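Student: Predicted structure and sequence below. I'll ask about it afterward.
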Amino acid sequence: MNGHQIEDAVRVARLRVEDAAGRPILGDVSVAIPPRARLGLVGESGAGKTTLALSLLGHFRPGLTCTGGAIHVAGHDVLGASARQLRAYRRSVVSYLGQDPAAALTPNMRIGAQVAELLHGDGDDEALRERFEAVGLPGDAEFRRRYPHEVSGGQLQRVAIARALAPDPAVLILDEPTAALDLLTRGLIADEIERQADLHELTLVMVSHDLAMVARSADELVVLRDGVVVESGAVDAVLSRPSHPYTRELVAASDGTASRAEGASEGSGDAVLSVRELAAGYHQGREPVPVIEDFALDVAPGECVALIGASGSGKSTIARCLLGLHLPDRGEVVVEGNQLAPGVRQRSVAERRTIQLVPQDPLGSLNPRRRVGDTLRHALRTMRGLSRRDADAEAAQLMERVRLSPELLQRFPRDLSGGERQRVAIARALAAEPHVLICDEVTSALDVSVEASILDLIDELRSSSGMAVLLIAHDLRVVRRIADRAVVLHDGHVCEQGAVADVLGTPTHQLTQALVAADRPVADIVQSRVSEGINQRTHSKMVSPR
Amino acid sequence: MSARPNPLVRAVVRRLAASVAVLLGVSILLFSATVVLPGDPATRILGREATPENVEALREQMGLDRPVPVQYADWLGGVVTGDLGTASSGRPVGPLLRERASNSLVLAAFAATLTVAIALVVGVASGLRVGRPEDSALSVAALVGVSIPDFVVAGVLVSLFAFTIEWFPPVSLVLAGGSPLDRPSILVLPAVALAVPAGAWASRYVRAAVVDARTAPNVEAARLAGLSPQRVLFRHLLPGVIGPTAQVLAAATGFLVGGSVVVEQIFAYPGMGSLLASAVAVEDIDVILATGLAMAVAVVTSFLLADLAGALANPRLRTGL
């Protein structure tokens, strides 16, 4: 695009950003990316990744101010630009694909118009058709006249990509655009982005908290922690010989091969939870849409069963049926020999206590106006009928069980870290002394290094109390770590099940194979990168077809 | 999709049915209010010195001796068939109300346009500059506008624009048989007096919607794509604001209807508001009932239009999926 062969495509020099209170968000960050290289920007939430990514566009979120440094992208001085120059720069040099690309589309505008408004020159019909077809979308006028709500989620992601590519940028900044997707869709979209990057010789900046995600396609790696670059260099070098302890921790944490402790309780005795012939769905207009059909499952005391599948495969619907939040069309849910009423309203408190949920997003499920202690006491008093004093004592004990200091009982959820919040959510579920604990993607909102400790906690609680755990996950790393058995769902049917080692070790169903293939650990990726010689890309002009 | 009726049509039909129910409820409340009002129309017509026998005879003639539900059913039957009763002057209420309502409609159209303009301009301007001095200034101005009663606004306007600089007439008389549009300048001051409090109130909601929308991911994305501020505002930000604020603007026209009772009196404008005010003063029951119901119809209609506007601003409803 731009003829800067020698000059770096992106050069950030000693960038400093502070928040309104004067605390440093980025401290003296320097990054250089050669043209057509791919930079992976890794770090935990709060490390300053998004701040750095947005600064490349000359944008600082409200409350943040840049207090020093310089940014040059393809010869443009980003921080010194006037508002008009900045608009022209964003319009032609750099594109940004954010965390939820579908949400970045305006609901009131036709998707064709949203791509067309960013094309250069006269966006005639033929040019627009090509742009749509280039990202694997139908290019016909009928499709382009649709509104965002009229296309599927995967298609929306592609529209967002077409939009990001419309101005023919030299630099594309990807801020975890696939984080919210399941593994399969994530793989497809990542492949699409890579294909486009190859095709248009883009310089990529990829922001992620998932090391494995970045390791697959980046050339250079920058590890951020608390706004400071702790390690940078070629991906292979950093991953195979991480020098900073934090990087070593990240590499170890994202290494999915670490399997659960041996001698796992095999689950003994009669099933504590058994599900028979469960079928459920919803209605679209008057049309019934089945989501799950003839689902059956037995979980023994102390056993951990993982439900795996792409989004839309019915995992959550099953969980909601078990909890009585979704009325199944037929089927029964039996806990400890007692058949539960289908709807939660018909269940007695004693029945409700038997199955408890730890939801995906602890921030959304904890009442923001209640202190942690009030949340736990409320659960203890309504579920177990404890007196005020007993509830106080029990709440402190629960905090100890989830390895939190009882001092946090006085805090509000917003004053806790993500990991602490999830522990509180687990403590709230434990308050009911459940026989079955449903964990719905409990770690997907957490950083990798926190993830392990939460999973270990669940594992430990399970073995100490004999509670059965139903784990819903799309991340196989999580499944490998604590599950005994895996049940793979596809379009509402069980397509494969068995011991985790068998199902994930020698998958027989196509879907399981695809899931396993999409979940290669970091070590594997580094290995294959070396043998495929991916690193040649920055040095040769030709891009090897992969 | 062809077999099913458009959801927009279904929604409108549902709303219409609900509106009828609301009007029925309003009519019951209105009628009850006139029943419990102190004073007796027959006594008032005949004067204090009338003999109880005469009063009783008139009450019987007016139907006031019948049970209240029967009187209500009788009145409602008349309304449905177009007979709104008789004013104390002996004129039928229908033509009287029609003339006054059309005058009010003209004033309301002026005032509503002005209200929407004030609400949108002030709301969008301060919402886009949230936290800055301009926003604070506009917020204070809006609060002042909401807090000052409309009759004070009217008084200030008259003393400024009618007496100090004589731009507009201090009273808004309409000649009998004439239309207010014969001399549009008479509409300006009453319309402004009505629109300032209503527009200031509605602007707070528009501001809140804009504040939310400006940090929405799609608006941030449009800005990061380097689109011009105008395009970001009109194509990406405002369309998402229209739906939620249409309701508020409809509620603001409710302000207008209430305010018209006072403001039309001040400017001696022959609309429904002044008709109601004078009818209440002389306990002209049939006029009170008919005017009150007409005002309720106006408010309900504006909410209906707002729902429609909100639905049209939402592509999910508009495209019938």
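Tutor: Nice, thanks for sending it over. Owing to the predicted nature of the structure, the values given are computational and were not obtained by experimental measurement.

Student: And the pLDDT at residue A:223?
Tutor: According to the per-residue confidence, residue A:223 scores 91 in pLDDT.

Student: Alpha carbons only: can I get the helix or strand it falls within in PDB?
Tutor: The secondary structure element spanning residue A:223 is strand A:220-225 (assigned by DSSP states H and E). Listed in PDB are the C-alpha atoms of strand A:220-225, where the atom choice follows Å, rounded to 0.1, in the frame of the first residue of the first chain:
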ATOM      1  CA  GLU A 220       6.300 -10.800  16.900                       C
ATOM      2  CA  LEU A 221       5.100 -10.900  20.400                       C
ATOM      3  CA  VAL A 222       4.800  -8.100  22.900                       C
ATOM      4  CA  VAL A 223       3.800  -9.000  26.500                       C
ATOM      5  CA  LEU A 224       2.200  -6.200  28.500                       C
ATOM      6  CA  ARG A 225       1.700  -6.200  32.200                       C
END
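
Student: how about the strands of the stretch 1-150 of chain B, start to end?
Tutor: Read by DSSP state E, counting those that start in this stretch, the stretch 1-150 of chain B holds no strands at all.

Student: Do a quick rundown of the helices in it.
Tutor: For the stretch 1-150 of chain B, applying DSSP state H, counting those that start in this stretch gives helices covering B:7-36, B:41-46, B:52-62, B:68-80, B:93-128, B:133-147, B:150-157.

Student: now, of the ones you listed, which is deepest in the fold?
Tutor: Looking across the helices of the stretch 1-150 of chain B with neighbours counted as mean count of other Cβ atoms under 10 Å in any protein chain shown, the highest average goes to helix B:93-128: a mean of 20. The way it works is simple: take the backbone N, C-alpha and C, and place the C-beta from them, glycine included.

Student: elements contacting it?
Tutor: Contacts of helix B:93-128 with other secondary structure elements, assessed using 3 or more Cβ pairs under 8 Å, 6 or more residues apart in numbering or on different chains; DSSP states H and E, are made with helix B:133-147, helix B:185-214, helix B:238-266, helix B:272-281, helix B:285-312.

Student: got a list of contacts for the shortest one?
Tutor: Right, helix B:272-281. Outside of helix B:272-281, the residues within contact range by Cβ atoms under 8 Å, 6 or more residues apart in numbering or on different chains are B:87, B:96-97, B:100-101, B:103-104, B:257, B:259-265, B:268, B:284, B:287-288, B:291-292, B:294-295.

Student: Pull out the buried residues from these.
Tutor: Those of these that meet the buried threshold are B:87, B:96-97, B:100-101, B:103-104, B:257, B:259-265, B:284, B:287-288, B:291-292, B:294-295, by 16 or more other Cβ atoms under 10 Å in any protein chain shown.

Student: residues contacting whatever residue of the stretch 201-321 of chain B ends up closest to chain A?
Tutor: In the stretch 201-321 of chain B, the residue found nearest to chain A is residue B:226; the distance is 3.1 Å by Cβ to the nearest Cβ. Residue B:226 makes contact with A:86-92, A:167 under the criterion Cβ under 8 Å, 6+ apart.

Student: Dump the residues you listed into a markdown table; add neighbour count, pLDDT and distance to chain B as well.
Tutor: Supplementary listing: the contacts of residue B:226 in a markdown table, determined by neighbours: other Cβ atoms under 10 Å in any protein chain shown; pLDDT from 0 to 100; distance: Cβ to the nearest Cβ, whole Å:
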| residue | neighbour count | pLDDT | distance to chain B |
| --- | --- | --- | --- |
| A:86 | 18 | 94 | 8 |
| A:87 | 19 | 94 | 5 |
| A:88 | 14 | 93 | 7 |
| A:89 | 19 | 94 | 7 |
| A:90 | 24 | 94 | 3 |
| A:91 | 17 | 92 | 3 |
| A:92 | 18 | 91 | 7 |
| A:167 | 18 | 90 | 7 |
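
Student: Residue A:325 and residue A:347 touch, don't they?
Tutor: No. Here residue A:325 lies out of contact with residue A:347, judged by Cβ atoms under 8 Å, at a distance of 10.9 Å.

Student: If you count surrounding residues, which of those two has more?
Tutor: Set side by side, residue A:325 and residue A:347 show more neighbours around residue A:347, with 18 against 13, by other Cβ atoms under 10 Å in any protein chain shown.

Student: For that one, give me its contacts.
Tutor: For residue A:347, the contact set (Cβ under 8 Å, 6+ apart) comprises A:324, A:340-341.

Student: Including neighbour count, could those residues go into TSV?
Tutor: Formatted as TSV, those follow (neighbours: other Cβ atoms under 10 Å in any protein chain shown):
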residue	neighbour count
A:324	20
A:340	21
A:341	12
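
Student: show me where pLDDT drops low in the stretch 351-500 of chain A?
Tutor: For the stretch 351-500 of chain A, no stretch has pLDDT under 70.

Student: Good, wrapping up.
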